[in-house]
Each structure stands twice: as structure tokens, then as C-alpha cells.
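K.L.:
Below are the sequence and a predicted model for it; my questions follow.
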Amino acid sequence: MHTGANQSIGYIDRPIPQGLDLKQAIDQLRKEKNALILAHYYQTGDIQDIADFVGDSLALAQWAAKTTADIIVLCGVHFMGETAKILCPDKKVLVPDLNAGCSLADSCPAPEFTKFVNAHPGYTVISYVNTTAAVKAVTDVVVTSTNAKQIVDSFPPETKMIFGPDRNLGNYINSITGRNMLLWDGACHVHEKFSLEKILALKAIYPDAEIITHPECKQPIIEVSDFVGSTAALIRYTTQSAQKQFIVATESGVIHEMRKKNPEKEFIPAPPNDSTCACNECIYMRLNTMEKLYNCLKYELPEIHVDEEVQQKAVKPILRMLDISEQLGL
Ligand code: 13P
Ligand code: SF4
């Protein structure tokens, strides 16, 4: 079962009045209700364009933590809405389609992860933000792909650490920090299925293109990459690089912002290994649509709820991450 819930069934697909200008209607509702629309870079272009802020997982948490809005609409997946709710328990936090789960978060059920943590007393527990609130509640520090290296580096070298749930990100962070963190064996279905063969075939067609990769990808893809980073870091890299062509090995939604920032450059989505499709989309992220965003603002549903005891435990490692990130200027 994924981390989205079925609360949304019944009203997310309520019909939209005929002829309604969705953009205008969303804008009006946002103003009337003092709502903040946050969108992840993996959302469709129309949602990114209407959002108040578009960002990676770290930026979404940072914006949620400081907003004065009454309602936060998180256009992303369930754990992102949950993180915003943990940070702002008194606000209404909505996700347009609560069925937007995350295969990576699902690969780390809280009871099993808690057993793993309890079996390793004395270990510091580092959890990727792509986890449920219950996993965060047994975590010492949350990280995102933007700050994972710096946060791991901030611990003394002799610190014994557990890293969950992404084995690829964990392996990558071990390799660039020289640590030997114990890894949870989880993965993201989108980033796991990029095809090295197809990426190398694209490189043969575009020999000048740089391969840029999210660290949730497998090691062989990371090894052939010119740059590895979070979605925000990948976007920044394409803007700063003198190169004109990029093979992009992450969810293809990120290319929307890359093209906006660099209209003269060419972005080639890296293909997955299991289809003839040219790009790789997260089925969960893509559940959100403009229609659902409109209904979500109109009916103020579906709402994210987090158990109070879990919230009080889970907020600590998230605030610790935000504090360290602020100190590091991230
Ligand atoms: P970032 O937004 O931290 O790059 O993470 C990507 C991702 O997979 C989000 O689910
Ligand atoms: Fe989760 Fe992967 Fe989708 Fe990101 S891309 S939300 S890690 S399933």
C-alpha cells in the first residue's frame, strides 16, 4: 500500500464548471483563502507555472516553515504534504490528490525500520525526507538530496550511522563522504529504472551533451555522469554550465524549469529501461492536475492529518535539518 490515502475519492473528480478559466479561478481562490501553492519540480508545467513557489524537497519544507498563509496546498506527493503539516500543525495542509504516494517512502515501512533502528543502539539515524511521518519520528536528522552530504559531513568521522531508505543515495553519500553508513534497502521506482544502455546510446548521438543525474539513480548511471545533484542543483548546473546540451537522468518534469531558465539550450530526457517511452515520469507526482488543484482549493480537501504524538517526535529531526541547512547557507 502506498503512502497516499483514499480520502480523496469522491470529490477530487467533481466536475469543473463548463468554460471555467482554471488559472483565473485558482488564482482567485488562492487570494480569497490566503492559500499558498507550493509545487515540486516533478509537477506538470501548468501546475509549476501557477504555483507561488516551485522547488525541490528542501525548498518546499523551508517555504512551508516560514509561510503566514492559512492554507498550504502542496502540489507534490504525500510525504511532502506531511512534512509541511508536521512543520505547521495548526495550518490546513492540502494535497490535490492524496493518492500521490511515493514508492521510495513505501519501501520503508515504519515498524520494520523501527526494528532495524532498535537493533543498532548507539547509531545516529539519518532519514531521507522521502519517508512517512512515523519513520521521521524514529530519526535523528532528516536530509534531502540537497543537503545530505553536508549534514553527514557535519558529524564526527567516528559516528556510527544508519541511512534510510534510499540505497542508491546512501551508497552515493558513502562514496563522497568516505563513510560507511548502514543502508536501508529501499529505492524509487522512477530513478531505479533509467537504462545505462539507452543513456550511452543517446550520448553517442549527442557526444557534446553532459549527462546530469539525480543521486537516487543506480551507481552505473552515476559513474557515467558529468554532474550529480538534487533537482534544484541540476537546474542550477544547467544554467551555470557553458554546455548547450544535457541528457537529464531524473523525473522529466524538471526539464520545464530548465527550459524556462535556458531557452537556448537542449534538454534530452534519459529513457527508462522498460518501455519505448522517451522519458521517465513519476506516476504519483503526475496524479495532481489543474482540475484537482482547483477542487482542492474550492472544497479545502483532501487534507493531510498527522497523529499529534508522531508530529511532536517527527518535527525534531526536520527542524534539525532546517537549522543545519540555514547554518550552511543552503
Ligand atoms: P529532490 O526534490 O530533493 O531533488 O528529490 C527528488 C525526489 O525524488 C522527490 O521525490
Ligand atoms: Fe517518490 Fe520516486 Fe516519485 Fe520522487 S520520483 S516522489 S522518490 S516515487
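P.N.:
Yep, that arrived. Ligands and ions are numbered 1, 2, ... in the order given.
K.L.:
So which residues on the stretch 101-250 of the chain come close to ligand 2?
P.N.:
102, 103, 104, 130, 188, 189, 190, 191 (C-beta under 6 Å from any ligand atom). (Glycine included, C-beta is placed from N, CA and C.)
K.L.:
Can you tell me which of the residues you listed end up in helices?
P.N.:
Cross-referencing these against helices under DSSP state H gives 103, 104, 189, 190, 191.
K.L.:
ranking those residues by neighbours, who comes first?
P.N.:
Among those, the one with the most neighbours (other C-beta atoms under 10 Å) is residue 104, at 28 neighbours.
K.L.:
That one reaches residue 188, doesn't it?
P.N.:
Yes - with contact defined as C-beta atoms under 8 Å, residue 104 and residue 188 form a contacting pair (4.1 Å).
K.L.:
Need the overlap of contacts for these two.
P.N.:
130, 166, 216 (C-beta atoms under 8 Å, 6 or more residues apart in numbering).
K.L.:
Just the buried ones among those, please.
P.N.:
Among these, those buried by neighbour count (16 or more other C-beta atoms under 10 Å) are 130, 166, 216.
K.L.:
In strands, which of those residues appear?
P.N.:
Among those, no member falls in strands (criterion: DSSP state E).
K.L.:
Any chance of CSV for the residues you listed, columns pLDDT?
P.N.:
Below are these laid out as CSV (pLDDT from 0 to 100):
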residue, pLDDT
130, 98
166, 98
216, 97
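K.L.:
want to try TSV for those residues, with distance to ligand 1 as columns?
P.N.:
Compiled in TSV, those are given as follows (distance: C-beta to the nearest ligand atom, whole Å):
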residue	distance to ligand 1
130	5
166	9
216	6
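K.L.:
Which of the residues you listed sits closest to residue 21?
P.N.:
residue 130 (34.9 Å; C-beta to C-beta).
K.L.:
Tell me if I'm right that that closest one and residue 166 touch.
P.N.:
Yes - contact status for residue 130 versus residue 166: in contact at 6.9 Å, counting by C-beta under 8 Å.
K.L.:
Can you list the residue ranges for helices in the stretch 201-330 of the chain?
P.N.:
Counting by DSSP state H, counting those that start in this stretch, one finds helices in the stretch 201-330 of the chain at the ranges 219-223, 231-240, 255-261, 290-299, 308-327.
K.L.:
for those helices, which one ends up most surrounded?
P.N.:
helix 290-299 (a mean of 21; mean count of other C-beta atoms under 10 Å).
K.L.:
which residues touch that one?
P.N.:
Residues outside helix 290-299 that contact it (C-beta under 8 Å, 6+ apart) are 11-14, 16, 20, 22-23, 25-26, 29-30, 33, 35, 37, 44, 46-47, 50, 71, 73, 75, 94-97, 301-302.
K.L.:
Using PDB, list the CA coordinates for that helix.
P.N.:
Written as PDB, here are the backbone C-alpha positions of helix 290-299 (Å, rounded to 0.1, in the frame of the first residue of the first chain):
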ATOM      1  CA  MET A 290      -5.000  21.700 -12.500                       C
ATOM      2  CA  GLU A 291      -8.600  20.400 -12.100                       C
ATOM      3  CA  LYS A 292      -7.800  18.700  -8.900                       C
ATOM      4  CA  LEU A 293      -5.900  21.700  -7.700                       C
ATOM      5  CA  TYR A 294      -9.000  23.800  -8.300                       C
ATOM      6  CA  ASN A 295     -11.300  21.400  -6.500                       C
ATOM      7  CA  CYS A 296      -8.800  21.100  -3.700                       C
ATOM      8  CA  LEU A 297      -8.800  24.900  -3.100                       C
ATOM      9  CA  LYS A 298     -12.500  25.100  -3.600                       C
ATOM     10  CA  TYR A 299     -13.500  22.300  -1.100                       C
END
